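In: no sequence on hand, only this structure:
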């Protein structure tokens, strides 16, 4: 399995459009995302976001939040951990929380997931994004499963 | 890719059963719906809802809302836009909003999605439904991806 | 189609980790769950949860709730019904409700789903779980579609 890790943020005329713009900013806006939980098969390789065909069906773990309150600080993070065997992914979001905390919490949650499974971590990768809302804002962070 | 656009509404003894009845009313109640976001591949054709086999796994964009407050006006809408290249879909719902506004907002959001992607719209299609709740009511609107 | 019905409960250092631990407790923690609604194809057979490969993509109906309020009684239930033709599944959850009510409500909802479809029930199976929260607790109940 190849996966990519990415994040994005945007404003838009509605919260849905801000979300869509944030997906475009993360380079995963022209595909059909199917949300899954949270395990990376053995031998997973992390690669840059590929050029998808528009409308491709793509499984992903997706952290997403939005707000229409001016000045809100919105954050999204995903963390993935790999081992010699299989790996784990977590998503995390926050509104008006320190983005560093949202990121660190994602890391600590994925470390715990690996720990309860007795998996020794080879590598941790995190994608995170934060944004101060002007009118309607959204942030996304995602691990997409490429196949 | 062939897709269908449909909507439905219903009452039921619980909100979940009202939702299920609304799916039946929309002719998509006997399948397994998998929610996806929101892109139509190049060459997408819109066709009437086909006769599925019970239990088929079917990707869809689904707008859904329900209420158990007597007199609530609930609305759901999906809007799809096609171009010579690829297309977009949005979902929208409202409670005690003018159903025409919910529908128009869906249209304006899908127009914006096409616009930010530089796609010239060939056609817009909308399915929308509204319902005044008696006991437990639900409305759905959906674009289902047939394959 | 083969399906399995299972449930689990757990505490964890965060609500997400409690959820993950509950999935592990239900023997479906090492896979990627894709949520679907709620129909069992003709000829569905219910089998024990198989040994999945870590990271398998698995469709499921998932009832899930969590709480970080000490003393909360949290419950999740799924009910499936089979017939000579096809079958139905429902999910149900509750916080500080009698777990027996959450279970019975799931059963009555799936009976109603079969009834509106004119299907004579051969068998009903229910998986349910409840848990009194210590710090962060989660319960899950699921019907997983094996293929």
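Out: All right, it came through fine. In this text, all values refer to a predicted model and were calculated from it rather than measured experimentally. Residues are numbered from 1 along each chain as shown, chains lettered A, B, ... in the order given.

In: and chain A, which residues reach chain B?
Out: A:12-14, A:16-17, A:20-21, A:23-24, A:30-35, A:53-57 (CB under 8 Å from any CB of the partner chain). Using the backbone N, CA and C atoms, a C-beta is placed for each residue, glycine as well.

In: against chain B, how distant is the residue of chain A positioned farthest from its centre?
Out: The centre of chain A is farthest from one residue, residue A:118, which by CA atoms, centre = their mean lies 24.2 Å away. Distance, residue A:118 to chain B, by CB to the nearest CB, to the nearest Å: 32 Å.

In: over to that residue. Which of the three states is it?
Out: Per DSSP: H, G, I helix; E, B strand; the rest coil, the local secondary structure of residue A:118 is coil.

In: what's the neighbour count on the residue in chain A that chain B sits nearest to?
Out: Scanning chain A for the residue nearest chain B gives residue A:55, at 2.9 Å (criterion: CB to the nearest CB). Using other CB atoms under 10 Å in any protein chain shown, residue A:55 has 22 neighbouring residues.

In: for it, which residues are in contact?
Out: Taking CB atoms under 8 Å, 6 or more residues apart in numbering or on different chains as the criterion, residue A:55 is in contact with A:30, A:31, A:32, B:1, B:39, B:40, B:41, B:42, B:44, B:86, B:87.

In: check chain A for the residue nearest chain C and tell me.
Out: residue A:41 (2.9 Å).

In: what pLDDT does the nearest residue to that residue once chain neighbours are set aside get?
Out: Spatially, and ignoring its direct neighbours in sequence, residue A:41 is nearest to residue C:55 (2.9 Å; CB to CB, 6 or more residues apart in numbering or on different chains). Note on residue C:55: pLDDT of 95.

In: quick check: residue C:55 is in a helix.
Out: No. Looking at residue C:55 with three-state DSSP, it is coil, so not inside a helix.

In: from residue A:56, how far off is it?
Out: 20 Å (CB to CB, to the nearest Å).

In: equivalent analysis for residue A:92, please.
Out: Between residue A:92 and residue A:56 the computed distance is 26 Å (CB to CB).

In: before we move on, what SS does residue A:100 have?
Out: Three-state assignment for residue A:100 (three-state DSSP): helix.

In: thinking again about what came up before, the residue of chain A closest to chain C reaches residue A:1, doesn't it?
Out: Yes. Between residue A:41 and residue A:1 there is a contact under CB atoms under 8 Å: 4.7 Å.

In: do you know how far residue A:12 is from residue C:47?
Out: Note on residue A:12: its distance to residue C:47, by CB to CB, is 46 Å.

In: and what of residue A:72?
Out: Distance of residue A:72 to residue C:47, given as CB to CB: 48 Å.

In: hey, where'd the helices end up in chain A?
Out: A:15-25, A:99-116 (DSSP state H).

In: show me the contact partners of the shortest one.
Out: With contact meaning CB under 8 Å, 6+ apart, helix A:15-25 is reached by A:8-12, A:29-30, A:33, A:64, A:66-68, A:129, A:136-140, B:37-38, B:90-92, B:109, B:112-113, B:116-117.

In: what does the longest one give?
Out: Helix A:99-116 is touched from outside by A:38, A:63, A:73, A:75-81, A:83, A:87-94, A:120-121, A:124, A:126, A:128, A:130, C:12-14, C:16-17, C:20-21, C:24, with contacts defined as CB under 8 Å, 6+ apart.

In: if we use 6 Å, what do you get?
Out: With contact meaning CB atoms under 6 Å, 6 or more residues apart in numbering or on different chains, helix A:99-116 is reached by A:75, A:77, A:79, A:81, A:88, A:90, A:92, A:94, A:121, A:126, A:128, A:130, C:13-14, C:16-17, C:20.

In: quick one on the thing from earlier: buried deepest among the helices of chain A, which one?
Out: Ranked by average neighbour count under the criterion mean count of other CB atoms under 10 Å in any protein chain shown, these are headed by helix A:15-25 at a mean of 23.

In: centre of the chain to it, how far?
Out: Here helix A:15-25 is found 14 Å from its chain centre; the criterion is CA atoms, centre = their mean, to the nearest Å.

In: tilt between it and helix B:99-116?
Out: Angle between the axes of helix A:15-25 and helix B:99-116 is 20 degrees (criterion: axes from the mean of the first three to the mean of the last three CA atoms, to 10 degrees).
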